[in-house]
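Enquirer: Below are the sequence and a predicted model; questions follow.
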Amino acid sequence: MSFLFPLIAVMIWSINSIVSKLSADAIDPAAISFYRWLLALLVLTPFILPGVWRQRRQIKPHLGQLLLLGLLGMVLYQSLAYYAAHSVSALFMGIIGALIPLLTVLLSVVILRIAPTVGILFGSIISFAGLVWLVSEGNLPLLLSHGLGKGELMMLSASASYALYGVLTKRWAIPLPIWQSLYMQIVFGVLLLLPGFLFAPDVTLNLHNIPLVAFAGLFASIIAPFLWIHGVQRLGASTTTIFMNLIPIFTALIAVLFLHEQLHSYHWIGGGLTLFGVILAQRLKTPLSGRKPSRITRI
């Protein structure tokens with residue numbers, strides 16, 4: 001039953017894409033970003049802060065790294081998604097989110113100097129083709145004449161930010177327990193989000209947006225990572241990561257059933273090509289050169 005840990009985690013993250021879309025009409029993006037991580041911080045503090053205080057001397061040399069990770073993972077990734085939700089569908093958000101594993105591998109080639117593989121090469125080409133077809137809605141001349149929209153650029157930037165977050169986490173390998181590291185990242189995330197929150201035009205909490213904040217702050221920020229970490233410990237990182245490919249599928253089903261979004265042919269074609277490219281990059285390990293690919297390609 002160990003597979004239930006990552007399965008439930010990706011289901012929660014899929015629902016969170018729907019929550020992000022619903023939040024566009026219910027609360028300012030700067031407000032939900034701040035409230036979400038503040039709630040997570042308040043819930044985690046009684047459990048994590050004592051250990052953080054005991055480890056303060058070990059944490060101090062890594063404060064700059066933890067701040068940057070907080071910026072990438074807690075601030076840019078989620079905030080950009082909330083802003084993008086004003087102009088793109090939940091379906092689109094789910095498909096672009098599926099690019100994160102591929103972007104992680106591509107950044108690993110550059111930053112971690114891993115050996116590129118046949119899967120990375122052809123997977124990147126196929127996923128790019130799928131992305132172009134998706135963004136253009138199957139009309140390539142329209143994309144060439146109008147370019148990418150603001151929402152599309154934000155979601156791509158959000159995915160790239162989280163991919164870089166994953167690569168830097170691997171590169172630095174900060175010698176702290178996972179939850180203490182995450183706690184410090186959340187602390188910095190809340191501090192970095194505070195100015196935007198203070199200058200937001202309306203940060204009012206009401207009956208419509210409190211459930212959205214609660215789901216994002218508790219389920220997506222605490223429960224899903226808890227389940228995911230346990231999944232990695234029980235199944236291994238490479239097996240657990242495969243479950244990430246279910247996120248666009250779950251997101252599409254939920255968006256169609258509950259938001260009544262329409263699935264068009266370009267969703268099937270573009271999303272299918274994108275997902276196929278990601279899977280190809282993950283599974284086809286034949287090196288392009290004679291070097292053996294690094295284990296980081298299993299992300």
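Expert: In hand now; what should we look at? Numbering: from 1, shown residues only.
Enquirer: mind listing what residue 165 touches?
Expert: Contact partners of residue 165, counting by Cβ atoms under 8 Å, 6 or more residues apart in numbering, are 69, 72, 73, 77. Any C-beta I mention is one placed from the backbone N, CA and C, and that applies to glycine too.
Enquirer: And it, how close does it get to residue 44?
Expert: Separation of residue 165 from residue 44 (Cβ to Cβ, to the nearest Å) stands at 19 Å.
Enquirer: swap in residue 60?
Expert: Residue 60 sits 20 Å away from residue 44, taking Cβ to Cβ as the criterion.
Enquirer: For these two, indicate the residue with more neighbours.
Expert: Using other Cβ atoms under 10 Å, the more surrounded residue of residue 60 and residue 44 is residue 44, with 18 against 8.
Enquirer: Show the pLDDT at residue 134.
Expert: Confidence per residue is given as pLDDT, and for residue 134 that number is 84.
Enquirer: mind listing what the closest residue to residue 150 other than its chain neighbours touches?
Expert: Nearest residue to residue 150, sequence neighbours excluded (Cβ to Cβ, 6 or more residues apart in numbering): residue 87, at 6.2 Å. With contacts defined as Cβ under 8 Å, 6+ apart, residue 87 is in contact with 149, 150, 151.
Enquirer: now the stretch 101-250 of the chain, which segments are flagged as low pLDDT?
Expert: Using pLDDT under 70 as the threshold, the predicted model of the stretch 101-250 of the chain has low-confidence ranges 142-147.
Enquirer: do that again at 80, thanks
Expert: Within the stretch 101-250 of the chain, the stretches falling below the threshold (pLDDT under 80) are 135, 137-148, 237-239, 241-242.
Enquirer: so where do the helices sit in it?
Expert: Assigned helices in the stretch 101-250 of the chain, in chain order: 118-135, 140-146, 150-172, 178-199, 210-214, 224-235, 237-242, 247-258 (criterion: DSSP state H, counting those that start in this stretch).
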